[in-house]
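Engineer: Need a 3D model of the sequence below.
(one chain, ligands or ions: 1)
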Amino acid sequence: KMNAAITAVGGYVPQTILDNATLEKMVDTSDEWIITRTGIKERRILEPGKATSDMAAFAIQNLLENSGVDPEEIEVLILATSTPDTILSPTAPLACVKAGLKNAWGFDLNAACSGFLYALSVAASLVESGRHKKVLLVGADKMSAIVNYEDRNTCVLFGDGAGAVLLEPAQDGTGVLDTVYKSDGSGIQFLSVPAGGSAEGTGQQTLDEKRHYVQQDGRTVFKNAINGMTTASNELLQKLSLTTETIDWVVPHQANLRIIDSVGQNLGIPKQKIKVNIERYGNTTAATLPLCLWDFHNDFKPGDKILLTAFGAGFTWGSTCVVW
Ligand code: ACO
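Structural biologist: Numbering: from 1, shown residues only. All right, here's what the predicted structure looks like:
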């Protein structure tokens, strides 16, 4: 069987660091509260004038440098993001221009924090079908564009960043194995940016009420995230006839360290196998999974089984298994 293997990784995080001490001066919070409740110490913020397309292009350029792949060989770019540069047009074509992908067609895929996970399946299908040989997948989000830095319930959680992976055909058993994905649109009431889209549009009232920013019921999202990632992962392991002992690494969405710890405990997977970089980057939405793959790829050996799992707005969630 033809699989789609991850053959290269890249990443980009902005230089500017927003640490907990600085947030203490912006809202009524404390370094101690943020660390014990979320595990986050600092996050990155993109400089003014730059957008998601710039971070995506930087991550792509990093991947191309790491791998020596010619940008003109890339056939497709799928950009998972909830923070496109503009509502119309899509951001992927612009990221292609900025990264010099002269021969690629591209499109955006929005599934919030599950965006990279969902898009991994779409990208893999393009390779498995034999239709394309070099497909780039980027998860990138400029969360600082949609976070209210006067709201302590959300502003401590998010950061900006981008990660990229290259998918190519493989017949040696490596690559994307199988997936269990779910969505439940009734979750919109617990986590969304209500205004600025076709439902509410933009008006003085929506601006005054700050409905262009992320709004969430943190506790409900927290519980659903633990439950969703646990059940999807168990269902996937069963589908693949795998046990947790045969999983070498877990790469979970980085939203809250307590969520990650609970999912690990529920699955019975020891902490040493679970990749975590939330303390440095916070929740970068569609970028958390590829940023983890980029950060930790030197730990992965050929043949290692990696369980990827995510949960996000929608609600959207799921798990997939990749052989490195
Ligand atoms: N600093 C200090 N106090 C705070 C802060 C803060 N930054 N934020 C909230 N609090 C207060 C609350 O107001 C509350 O006070 P109250 O009891 O007087 O009302 C108290 O702390 C406890 O609030 P809880 O909501 O119970 O705190 P909890 O332990 O649940 O942590 C958190 C809150 C961190 C938001 C948690 O619920 C969480 O991480 N939820 C998931 C959020 C998430 O992952 N969202 C993104 C999903 S992914 C996507 O698609 C974008």
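
Engineer: Which residues are in contact with the residue nearest to the spatial centre of the chain?
Structural biologist: Note on the chain: the residue nearest the mean C-alpha position is Ala286, at 2.5 Å, using C-alpha atoms, centre = their mean. Listed by C-beta atoms under 8 Å, 6 or more residues apart in numbering, the contact set of Ala286 reads 80-82, 111-113, 115-116, 119, 139-141. Using the backbone N, CA and C atoms, a C-beta is placed for each residue, glycine as well.

Engineer: Gly201: neighbour count?
Structural biologist: 9 (other C-beta atoms under 10 Å).

Engineer: hang on, isn't it packed against Ala195?
Structural biologist: Yes. The pair Gly201 and Ala195 qualifies as a contact (C-beta atoms under 8 Å) at a distance of 7.0 Å.

Engineer: Can you give me the end-to-end span of stretch 58-78?
Structural biologist: 15 Å (C-alpha to C-alpha, to the nearest Å).

Engineer: Let the chain start at 9 from now.
Structural biologist: All set: I'll call the first residue 9, so the last point we hit is now stretch 66-86.

Engineer: list the buried ones in it?
Structural biologist: For stretch 66-86, a neighbour-count test (16 or more other C-beta atoms under 10 Å) marks 66-72, 74, 77, 79, 82-86 as buried.

Engineer: Which pair in these has the greatest spatial separation?
Structural biologist: Phe66 and Glu83 (20.7 Å; C-beta to C-beta).

Engineer: Hmm, Val184 is touching Val130, no?
Structural biologist: No. Val184 lies out of contact with Val130 (C-beta under 8 Å); the separation is 10.6 Å.

Engineer: Those two - which one has more neighbours?
Structural biologist: Val184 (23 against 15).

Engineer: a strand runs through that one, doesn't it?
Structural biologist: Yes. Assignment of Val184 by DSSP: H, G, I helix; E, B strand; the rest coil places it within a strand.

Engineer: Skip the chain neighbours and tell me the closest residue to it.
Structural biologist: Ala132 (4.1 Å; C-beta to C-beta, 6 or more residues apart in numbering).

Engineer: Quick check, the one you found in contact with Thr182.
Structural biologist: No. Using C-beta under 8 Å, Ala132 is not in contact with Thr182; the gap is 11.9 Å.

Engineer: Of the two, give the one with the bigger neighbour count.
Structural biologist: A count of neighbours by other C-beta under 10 Å puts Ala132 above the other of Ala132 and Thr182, at 23 against 18.

Engineer: How about the contacts made by the more buried one?
Structural biologist: Per C-beta under 8 Å, 6+ apart, neighbours of Ala132: 11-12, 175, 183-184.

Engineer: before we move on, the earlier item: okay, and the common contacts of Ala132 and Thr182?
Structural biologist: Asn11.

Engineer: And the furthest pair within the contacts of Ala132?
Structural biologist: Among the contacts of Ala132, Asn11 and Leu175 lie farthest apart (C-beta to C-beta), at 9.5 Å.

Engineer: so what's the backbone phi/psi at Asn242?
Structural biologist: Per-residue torsions, Asn242: phi -60, psi -40 (degrees, to the nearest 10).

Engineer: So what's the residue count around it?
Structural biologist: Using other C-beta under 10 Å: Asn242 sits among 15 other residues.

Engineer: what pLDDT does the closest residue in space to it that isn't next to it in sequence get?
Structural biologist: Nearest in space to Asn242, with sequence neighbours left out and distances taken as C-beta to C-beta, 6+ apart, is Leu275 at 7.0 Å. Listed pLDDT for Leu275 reads 98.
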